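**Q** How does the following fold in three dimensions:
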Amino acid sequence: MQDSDIDFSDAPEVGPDFFKNAIFWPGPKKQITLRVDPDVLTFFRKHGRGYQTTMNAVLRKYMEAQKRQAV
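**A** Got it, this is the predicted structure:
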């Protein structure tokens, strides 16, 4: 199939704002040992499966907020 044969009629056109607002993926996650207070762990575990992903998301939001303040 040639590129000219592809039907793009149902795909929106991507402009410069698309890439300006894109999220950079940092790469594969690193496995570490992290010590947290028992109540913190209990809080996140109560949310069920995926609690480690939630903890990572909270840490990422904190990191991003700190970066914004530093600028």
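
**Q** Tell me how many other residues crowd Arg45.
**A** 13 (other Cβ atoms under 10 Å). (C-beta placed from N, C-alpha, C; glycine too.)

**Q** Relative to Val36, how far out is it?
**A** According to Cβ to Cβ, to the nearest Å, Arg45 stands 11 Å off from Val36.

**Q** Let me see the mean pLDDT of the helix or strand harbouring Tyr62.
**A** Here Tyr62, judged by DSSP states H and E, is contained in helix 51-70. If you average the pLDDT over helix 51-70, you get 94.

**Q** Just the residues contacting that helix, thanks.
**A** 29, 44-45, 47 (Cβ atoms under 8 Å, 6 or more residues apart in numbering).

**Q** Among those residues, which one has the most neighbours?
**A** The most crowded member of the contacts of helix 51-70, judged by other Cβ under 10 Å, is Phe44 (16 neighbours).

**Q** what pLDDT does it get?
**A** For Phe44, the predicted pLDDT is 97.

**Q** Around Asp39, how many other residues sit close by?
**A** So Asp39, with other Cβ under 10 Å, has 7 neighbours.

**Q** Quick check: the gap between it and Tyr62.
**A** For Asp39, the distance to Tyr62 - Cβ to Cβ - is 18 Å.

**Q** One more: Phe19?
**A** Per Cβ to Cβ, Phe19 is found 26 Å from Tyr62.

**Q** Pro12 too?
**A** 33 Å.

**Q** In terms of neighbours, single out the busier of these two.
**A** The neighbour comparison of Pro12 against Tyr62 (other Cβ under 10 Å) goes to Tyr62, with 10 against 7.

**Q** Measure how buried Lys46 is and give me the count.
**A** 8.

**Q** hang on, I meant Val14
**A** 9.

**Q** Other residues contacting stretch 22-36?
**A** Under Cβ under 8 Å, 6+ apart, the answer for stretch 22-36 is Asn56.

**Q** That concludes my questions; thank you for your assistance.
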